[in-house]
Structure formats: structure tokens, C-alpha cells
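Enquirer: Let's see this in three dimensions:
(one chain, ligands or ions: 2)
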Amino acid sequence: MNRLIKKANVLVEALPYIRTFRGKTVVVKYGGHAMTDAPLKERFAQDVVLLKYVGLNPVIVHGGGPQIDKMLDRLGIEAKFRHGVRVTDAATMEIVEMVLAGKINMEITDLINRHGGSAVGLSGKDGGLILSKPLTAKAWAESLEKDLGEADGDFGLVGDIETINPSLLHKLQEDHYIPIIAPIGTDYEGNTYNINADLVAGSIAAALKAEKLLMLTDVKGIRDANGRHLSTVSRKDVQRMVKKGVIGEGMLPKVHACLDALEGGVRKAHIIDGRVPHAILLEVFTDKGIGTEIVA
Ligand SMILES: Nc1ncnc2c1ncn2[C@@H]1O[C@H](COP(=O)(O)OP(=O)(O)O)[C@@H](O)[C@H]1O
Ligand SMILES: CC(=O)N[C@@H](CCC(=O)OP(=O)(O)O)C(=O)O
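Expert: Ligands and ions are numbered 1, 2, ... in the order given. Now for the predicted structure:
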């Protein structure tokens, strides 16, 4: 009996959050490192479907960096990175699009549908969702607020986001679909671009004026210089930690995408551990939440 009462209490704890967030948009960035084992993927899908069933509007933006690396390796193409960005030539772009839009996007769409949701897979090409231009080293340094030294060449077919046209997403949401977005962009000349998925998630969240942006990754959140977990981090903290080299690598675009999203009108941004089962539900529907909240 006690166990049953506990179960009821868990549901009741979620009630105020369900009431507050009904009809609101939650953008979830599902990182390549968080898509690890099959049971975790199932739990991710359950969480997304549950959000939808209780009246929220989840929108998923996925990554797939490790999966692209694996495919490049299989095909004997060397993966090259500069300042955390995949240098993308035409051959690499073909593989990036195949893996992100052709494979991962369809897997996530199928997974969510099998759990009772109505997911629709898209890339930034659909409905002119992501208009892009080439990312320059200067623009990348600016968006990370970091001195990257000499602007040593460009990144090839890596995209910077020019505009997000969210009209297709609004239509899908009106019809109760869950959009699943691959971080691929296009320009008016028909070029295809590879875009960092964190940046896409931040810009989509801002364009939708989302209630929340959740970045699922493979760490508990942000660590300080002593390896301690931080539950809240401000722009000033970020600037200080980036300068000291405490925040680096893949965490850099994540925190900046969160800060830009907050500036763009998103209410809350969190970096959470996608390795924790039901990380999304724990963040959205509990008093304590998990991970690191980024505040403007
Ligand atoms: N201060 C920090 N706190 C936590 N993680 C950090 C920090 N600085 C760098 N990182 C690194 O950032 C990584 C997350 O980025 P990334 O691997 O690109 O994730 P994803 O594939 O989910 O986008 C972590 O695994 C960690 O190694
Ligand atoms: C330009 C650039 O670096 N694009 C990324 C896109 C995928 C991504 O961002 O995946 P994660 O979120 O799993 O890291 C890449 O090619 O790996």
C-alpha cells in the first residue's frame, strides 16, 4: 500500500508543473553522446511522449557527432576538427547528411512513434526551416566569446544560422506532431551545411520562444575547476570559466547556445545528464530538477 501511495505522491508532485507548462514548448537537444544504449533511448522516447500527452509541446533537435565519426572511419575518410568544429568538405558533408538526416533522424522518429507519439522527422531543409551561410572562424570565436588565436581558414561546408523560419514547426505543433530536427541547413544557392546541433537547438528554442531548452549530454552538468558540480551558472561565471579553460570542448557551444537562447526569449535553459534514466521528466516535473541551469 505504501508503495502505491508513494506512486500517487510522485504524480501529485508533477501536478503544478503540468498546470504551469501546459501548451508551452520544450526544446530538447539530444546529443550524440547521450544516445548510448538501447534502454536509455527507450526512456528518452517515453519521456518525450509523456510530455506531449500531458499537454507540453516537445521539439527535438538531435546531434550525432560520434555516429558521424564511426561512419567516416568505416569509409576510410579522416575526421578533422578545428576549434571543436568538424571541418566539412563535400565528401564529409555527404556522409554527415546521410548519418544525421538519413539515419539518426529516422531512428528517433520511429522510436517516438513506437512509444505512442506522432513524430515527424525533418532537417533544416524542410519548409525552409534553417537558412544558413558559411561559418567563419571569426563568427565562431564571437559566438563562443573566446579568442581562438589566428583566424586560420574556414571550416568548409559548416553552417552558421542566418534565420530560422518556424512556420512549419507551428503547423506541426497545431496538429499535435512532435518535430524531430536534424542540424542540417541550406542557402538560396542550394548548398547544404553541417551545423553544430547545440546552436540549432538554441536558435530553434529562441524562434519558438520556448519555455525551456534542455541540453542532454554525457556529463552531470557543468563542473568547476575542482571538479565540483554547479547547479547554476551565469554569463559572468561562464566568461570567467572559459578564460581559465575550465569550460572547454563540447561544453563551450552548449553554454553559449543556452545564453543566446535566454537572450532570445527562452525562459529557462538547462544542461542535463542524458545518461540518467528519465532525465527529462526529472528536470521538468520535480522540485529539485537535475543538471546545471544557465541563467542570463
Ligand atoms: N566545465 C565542464 N563541465 C563539464 N563538462 C565539460 C566542461 N568542460 C568541458 N566539458 C566536456 O564537454 C563534454 C560535453 O560535450 P559533447 O561531448 O560535445 O557532448 P554532446 O555530444 O552531448 O553534444 C563533456 O563530456 C566534457 O568532457
Ligand atoms: C559543424 C559540426 O561540428 N557539426 C556536428 C553536427 C552533429 C552534432 O553537433 O552532434 P553532437 O551534438 O552529438 O556533438 C558534427 O559534424 O559532428
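Enquirer: Number of residues surrounding L4?
Expert: Counted with other C-beta atoms under 10 Å, residues neighbouring L4 total 8. All C-beta spots, glycine's among them, are computed from the backbone N, C-alpha and C.
Enquirer: So for the host helix or strand of it, mean pLDDT?
Expert: Here L4 sits within helix 2-21, counting by DSSP states H and E. Mean per-residue pLDDT for helix 2-21: 90.
Enquirer: contact partners of it?
Expert: V54, G55, L56, E211, K212, V284, F285, T286, D287 (C-beta atoms under 8 Å, 6 or more residues apart in numbering).
Enquirer: redo that, cut-off 10 Å
Expert: By C-beta atoms under 10 Å, 6 or more residues apart in numbering, the residues outside helix 2-21 that reach it are 50-51, 54-57, 211-212, 281, 284-287.
Enquirer: from the residues you listed, which two are the most distant?
Expert: N57 and D287 (22.7 Å; C-beta to C-beta).
Enquirer: Comparing the two, which shows the higher neighbour count?
Expert: Neighbour comparison, N57 and D287: the larger count goes to N57, with 25 against 7 (by other C-beta under 10 Å).
Enquirer: Show me what that one is bridged to.
Expert: Beta-bridge pairing for N57 (DSSP bridges): T25.
Enquirer: Tell me where the model's unsure across this structure.
Expert: 150-152 (pLDDT under 70).
Enquirer: Contact residues of it facing ligand 2?
Expert: 31-32, 63-65, 68, 85-86, 96, 158, 183, 194-197 (C-beta under 6 Å from any ligand atom).
Enquirer: Among these, name the ones in helices.
Expert: G65, I68, V96, A197 (DSSP state H).
Enquirer: Which parts of the stretch 1-150 of the chain are strands?
Expert: Assigned by DSSP state E, counting those that start in this stretch, the strands in the stretch 1-150 of the chain fall at 25-30, 57-62, 81-82, 85-86, 119-123, 130-134.
Enquirer: Can you tell me how far the residue nearest to V246 when sequence neighbours are not counted is from ligand 1?
Expert: Computed as C-beta to C-beta, 6 or more residues apart in numbering, the closest residue to V246 that is not its neighbour in sequence is A225, at 4.8 Å. Here the distance between A225 and ligand 1 works out to 8 Å (C-beta to the nearest ligand atom, to the nearest Å).
Enquirer: try V276
Expert: Distance from V276 to ligand 1, by C-beta to the nearest ligand atom: 13 Å.
Enquirer: Which of the helices or strands spans that residue?
Expert: V276 belongs to no helix or strand, assigned by DSSP H and E.
Enquirer: Counting neighbours, what do you get for it?
Expert: Based on other C-beta under 10 Å, the number of other residues close to V276 is 17.
Enquirer: for it, phi and psi?
Expert: Recorded main-chain torsions at V276 are phi -80, psi 130, according to degrees, to the nearest 10.
Enquirer: wait, it sits on T286?
Expert: No. In this structure, V276 is not within contact of T286 by C-beta atoms under 10 Å, at 12.0 Å.
Enquirer: Which residue is the nearest non-sequential neighbour of the closest residue to ligand 1 within the stretch 151-296 of the chain?
Expert: Of all residues in the stretch 151-296 of the chain, G250 sits closest to ligand 1, at 1.9 Å by C-beta to the nearest ligand atom. Excluding the flanking residues, the one nearest G250 by C-beta to C-beta, 6+ apart is G84, at 6.6 Å.
Enquirer: what do you get for D218?
Expert: Closest residue in space to D218, ignoring its immediate chain neighbours: H33 at 3.7 Å, by C-beta to C-beta, 6+ apart.
Enquirer: Where do the helices of the stretch 101-250 of the chain begin and end?
Expert: Using DSSP state H, counting those that start in this stretch, the helices of the stretch 101-250 of the chain run over 105-114, 137-144, 167-174, 197-207, 235-243.
Enquirer: could I get the strands of the stretch 1-150 of the chain as a markdown table with distance to ligand 1?
Expert: Shown next, in a markdown table, are the strands of the stretch 1-150 of the chain (distance: least, C-beta to the nearest ligand atom, whole Å):
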| stretch | distance to ligand 1 |
| --- | --- |
| strand 25-30 | 7 |
| strand 57-62 | 10 |
| strand 81-82 | 11 |
| strand 85-86 | 11 |
| strand 119-123 | 18 |
| strand 130-134 | 18 |
